[in-house]
Every structure is written in C-alpha cells, then in structure tokens.
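**Q** Just a sequence and a predicted model for now, questions to come.
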Amino acid sequence: MPETPVISVVIPAYNEAEGIATLLEKIVVLGYHQSYEVIVIDDGSSDSTAEIVKKFPVRLLRHHTNIGYGAALKTGIRKAKGKKIIMLDSDGQHDPEYIPKIAALLDEHELVIGERTSDSFQVKNRQGGKKLIRKVGEYLFDQKLPDFNSGLRGFDRELIKSMLHMMPNGFSFSTTSTMAFIKEGYSIGTLPIMVAERQGRPSNVKFVRDGSKTMLLLFRIIMLFNPLKIFFPFSIIVTTLGILWGIYAYIFVGRFANSATLLTMLGMFLFFIGLIADQIAIMNRRVS
C-alpha cells in the first residue's frame, strides 16, 4: 500500500467467512492492495471472518460487537487515509475490477454509483420495497434517481465525512448518502455494473422484519431531506376539507361547525409544523 494513498477501498464484513476470501484473493491477484489502501471492517463477526482477513495484505479494523452495516462503513471512512473512498460488499456480489473505473470517475464527480444492469442478480422479495423508496425519493427531489442503494460506490472522503452525522448505522447508509449528495447539489456519476449472487450465508435482510425498517427509512428520509414536501400538501388538503365542511354546515345548519373550525386550524398548524421541520432539517444537514 502506498504511504499516502489516493484511494481507500472500504469493505464492511459481518460473518462473511465463506465469501470474503474469494473477494480478497481477487484484489490481491489484481495487485490492488499495492495501489490502494484496502480496509476490511469486521463488524463483530462470530465466525472466522477476522482470522481469514488477517491472512491477506490488507488493513483490518474490528468492532467488538455487531453495530451495523452503516456503522462499519463509518469506521472505515474515519480511519481511511485516501482522499477518495470506494466501498463494496464483502459477500462476492461486487467485482473488484470495477474499482479503477470508479476511481477514474471520481476525478469528475463527487459521488459515483455502480448502477446495476437489468440482468444483474436481484433478490425478488426486496424489489417492492426498493421501488417504493425510489418513488418517494423521486417525489422528494423532483427528478429521476440513479441506483440509489447500490453498495458499490465511491465518494470524496471529506464530503462524506462531513455527512456522517446524517448517516444511519444500519443497512440504509447507501440510500441516505445518495439522497444527501443529490440534496446538496453535488455531481453524481454512474457506472454500469453486473452484480452476482452473494456467496456464503443467506442475507441478513428479511422481508417482514426489514419491511418495517423500510417504512421507518421512508419517514426518516422525508423528515431529513424535505419535510415540507409532505406537510404542505397535507395542510392544504386538511384546510380545504375544513373550509368546505364549514360552508356545508353553514348552508344546511346555519353555523360554521366546531369540527370544521378544528380541521381548518389543524391544516394551518400542519403548515407551520412543516416550516419548522424544514428549517431543522436544513440546520441538521449543515452540521459537520
């Protein structure tokens, strides 16, 4: 590894004893461990992941307990020496041969996403949740999104470090980082990639358990990046319903109904709550 690497490759790993060796062998065969700083973060694995990683000429960082995918990435980003960060999964889904191409694109863009081709391997029971998140994201930002949650991507290190306080410790680090870069107006490049089926153990992501997490993620993304986009239309709808109900009651009963007054006031409160939430979201994104 060079003393002052330009590129740091960050690989989070949790119980990947069956898959990580194949990935690291390929990185060594390609000679990337000599050109780049390669960091593996063992996120509290209970299997032999760390012992396998120690056999390779890469840097190993360890969590004593399993904190999460996003937390492992944060540790790697904070400890990395390179000016650019490229992250990829440790389960064999991502081909490390894409690393130099992403590194080259990082000279032109602050974020580069490995965009999965249509013939890439995909877990079917996650596709519905991904489509839902994409629709919400496109509504929030009024534009088409790239492959927002692809795990193979590269960043400018100082930029992603300034955003780590917004990033979750769980599986939605990739999604949140995409939204953050778009919201702040940074240049985003994409590289078509083919993704293979993961090696070793089944994925930790479960349909029912992580379906609820996806819903929480949606609310979190909305409140973090554009709360007024939700509060404003709701306030218009509720206020309009209150006024219409009040007019109806006045015509047929002879007075503006109390329930209509409450609805109208609720609509106004929703608007002001949205304004406050929007200002808090802006201040939260500026903290670095």
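**A** Nice, I can see it.

**Q** which stretches of the stretch 151-288 of the chain form helices?
**A** 157-162, 173-183, 207-225, 228-252, 258-286 (DSSP state H, counting those that start in this stretch).

**Q** The stretch 1-150 of the chain now?
**A** 20-29, 32-35, 49-53, 69-79, 99-105, 127-141.

**Q** Looking at these, which is nearest to residue 222?
**A** Each of those was scored for nearness to residue 222 using Cβ to Cβ, and the closest is helix 127-141 (6.6 Å). For the C-beta atoms, the positions are set from N, CA and C on the backbone; glycine is no exception.

**Q** Without its sequence neighbours, what residue ends up closest to residue 14?
**A** residue 43 (4.3 Å; Cβ to Cβ, 6 or more residues apart in numbering).

**Q** got it, and residue 259?
**A** residue 245 (6.8 Å).

**Q** Ok, residue 62 next?
**A** Leaving aside its chain neighbours, residue 62 sits nearest to residue 42 (4.6 Å; criterion: Cβ to Cβ, 6+ apart).

**Q** ok, back up a step: I'd like the helices of the stretch 1-150 of the chain written out as CSV, with mean pLDDT and distance to residue 234 added.
**A** Below are those laid out as CSV (pLDDT from 0 to 100; distance: least, Cβ to Cβ, whole Å):
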stretch, mean pLDDT, distance to residue 234
helix 20-29, 94, 46
helix 32-35, 92, 50
helix 49-53, 95, 46
helix 69-79, 95, 30
helix 99-105, 96, 40
helix 127-141, 72, 14
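
**Q** Next, format these as CSV and append distance to residue 241.
**A** Below are those laid out as CSV (distance: least, Cβ to Cβ, whole Å):
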stretch, distance to residue 241
helix 20-29, 56
helix 32-35, 60
helix 49-53, 56
helix 69-79, 40
helix 99-105, 49
helix 127-141, 22
